[in-house]
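Trainee: What follows is a predicted protein model with its sequence.
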Amino acid sequence: MKKYRDYQGNEISEGTLIAWEGMDGESEASAGVGNGGMWSWKHTLVAKAKGKRLIFEDIETNRVYEWEDIDDKTCYENCILVKK
């Protein structure tokens with residue numbers, strides 16, 4: 001199975017709870033209209049095996065994310081940490 005690690009190097013495996021927090025936004029120039037704005041998020045996800053990879057399910061909403069969804073390097077701020 002593919003190896004996944006949080007931003008502190010902790011391994012993420014099936015059943016691991018992770019905290020996913022971040023902030024992103026658009027400036028007026030990139031938004032094209034209005035004031036732009038920033039928004040933030042904070043989710044607790046559980047890692048689940050799907051084939052040879054993990055998917056990440058929000059424990060409150062059951063929404064499923066792929067690793068590429070949560071490990072977005074284009075965000076203003078994005079943090080993935082294993083909950084201990």
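Mentor: Sure, I can see it.

Trainee: Quick one: residues contacting the residue most central in space within the chain.
Mentor: By C-alpha atoms, centre = their mean, the chain has its centre lying nearest to I70, at 2.6 Å. By C-beta atoms under 8 Å, 6 or more residues apart in numbering, the contact list for I70 reads 20, 45, 56, 78, 80. Placement of C-beta: from N, CA and C, glycine included.

Trainee: can you confirm D69 is in a helix?
Mentor: Yes. Counting by DSSP: H, G, I helix; E, B strand; the rest coil, one finds D69 located in a helix.

Trainee: Check the gap between it and K84 for me.
Mentor: Look at D69 and K84: by C-beta to C-beta, to the nearest Å, they are 23 Å apart.

Trainee: Does A49 touch Y4 like I think?
Mentor: No. Here A49 does not reach Y4: they are 11.2 Å apart, not a contact under C-beta atoms under 8 Å.

Trainee: Contacts for stretch 39-54, please.
Mentor: For stretch 39-54, using C-beta under 8 Å, 6+ apart, the contacting residues are 1-2, 4, 12-25, 55-60, 65, 67, 70, 83.

Trainee: Could you pull out the strands in this structure for me?
Mentor: Under the criterion DSSP state E, strands of the chain are mapped to 4-5, 11-12, 17-26, 37-50, 53-58, 64-65, 77-82.

Trainee: the inter-axis angle of the longest one versus strand 53-58?
Mentor: Taking axes from the mean of the first three to the mean of the last three C-alpha atoms, to 10 degrees, strand 37-50 and strand 53-58 form an angle of 130 degrees between their directions.
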